[in-house]
Structure formats: structure tokens, C-alpha cells
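J.: Provided below for reference: sequence and predicted model.
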Amino acid sequence: AAAGVYTDVVVPSNAGSGTFNPANYSITYVSADLIVGSTLYSRATGNWNATSTWSTSIGGTSCSCTPGPTDNVVIRGGFTVTVNVTNAESARLELGANAGSSFGILGFATSGNPKLTVGGQVIVGGSASTNNNRRGEVILRSGATLEAGDLVLTRSTIGDDAPAIFNMSAGGTLIAGTIS
């Protein structure tokens, strides 16, 4: 589905072979708003609120957009994205990659009390990683806040590298429902 808000939606299941047959359908009624977001990928090192930082495809052109509360965000490609506002939001955040040498770093501005709220998971480090270059890293600073439903720190499946790095040596606040 396209990004947007769908109110009181009826969603049919697979119709099967392109011919309508009521036996091939089940109807799910959602009696609330169903919110569908986009997946945004870092395309450059830059600030969270800069439209030039984001693309809707890996390595794509700028989407002229910034993440919102329903968007999934992936920071990879060797880029650092800096939260420089007090109201940054996303539905899910992934730092690092699942293949290749593609680390991703989330930083926070050194002034202005930047805050990022992620409604779901923050996944730090590429899954199935055998290479430290696939790492994910969060660098919190004094006055900065990261709030997440869940914080997931991954680890290499082979070797001693640790692709999940969470740095609070300069201070900051982490609020998470669970940490695993």
C-alpha cells in the first residue's frame, strides 16, 4: 500500500488466479486508522531534518523528504546522520547493513537538546554480520535523548568483531522499553 492513513479499511486477502471467487477471500476489517509509512535510506552524511540526507531507495536520489512517525529508517552506506532537532521521529530505525561493508552511524548534535523518538525497534548493527564494517553505532551526547520501544544490539555471527556500538561516554539519555 502507498504511504498514508487509511480509515476503516476493508482489506481482501489473495484472490487466487485473478478470478473472483468468494471462497478465495477473507475480509479483515480494521476499525481504526491503519497507518502505512515509507522506508527511507540514508543517501549522504547529513542532518536528520535535511531532505538531501534521505532517499526511498538504497543509493537513490533525494526524496526531498524527512522521516516521520510512520516511516522506517535505515542508516547505512558509510553515512552518519545527526539528529539536530528536538522532535525527530520514526517508526523503526536500523543502523548498519545485512551485506557488504555498509556501516551506519546515528549521532546527536552537541547543542539544542536533540531528541529522537522511535515507536518500535532501534536495531544497531547488521544482522548475520561477519564483518566489522557492517556495524551500527549510536553516539549520544550530553543533552541528547533517544527514546525507543526496543533497543536491539546485534553481534557478529563469526569472529570477535562487535557490529553494535552504543556510545554514551559524553552523556545523554536512553529510554527503551527493552534492551536485547
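T.: Yes, it's here.
J.: so Leu40 sits against Cys63, correct?
T.: Yes - using C-beta atoms under 8 Å, Leu40 makes contact with Cys63 at a distance of 6.7 Å. In this view, the C-beta of every residue, glycine as well, is placed from N, C-alpha and C.
J.: compare the two (neighbour count), which wins?
T.: The residue with more neighbours, out of Leu40 and Cys63, is Leu40; 22 against 17, by other C-beta atoms under 10 Å.
J.: now do the contacts for the more buried one.
T.: By C-beta atoms under 8 Å, 6 or more residues apart in numbering, Leu40 lies in contact with Trp54, Ser55, Thr56, Cys63, Cys65, Pro67, Asp71, Asn72, Val73, Val74.
J.: same question for Gly68.
T.: Applying C-beta under 8 Å, 6+ apart to Gly68 gives the contacts Gly37, Glu89, Ser90.
J.: circling back to that earlier point, ok, the contacts of Leu40 vs Gly125, which is closest?
T.: Val74 (12.7 Å; C-beta to C-beta).
J.: from Arg141, how far off is the closest one?
T.: 22 Å (C-beta to C-beta, to the nearest Å).
J.: for the residue lying closest to Thr86 once chain neighbours are set aside, name its beta-bridge partners.
T.: Leaving out its chain neighbours, the residue that sits closest to Thr86 by C-beta to C-beta, 6 or more residues apart in numbering is Lys115, at 5.1 Å. For Lys115, the beta-bridge partners are Thr145 (DSSP bridges).
J.: do you know how far Lys115 is from Ser180?
T.: Separation of Lys115 from Ser180 (C-beta to C-beta): 23 Å.
J.: how many residues are close by Asn167?
T.: A count of nearby residues for Asn167, using other C-beta under 10 Å, gives 13.
J.: residue numbering should commence at 58 henceforth.
T.: In the new numbering, first residue 58, that becomes Asn224.
J.: I'd assumed Arg192 was in contact with it.
T.: No - applying C-beta under 8 Å, one finds Asn224 not in contact with Arg192, separated by 11.7 Å.
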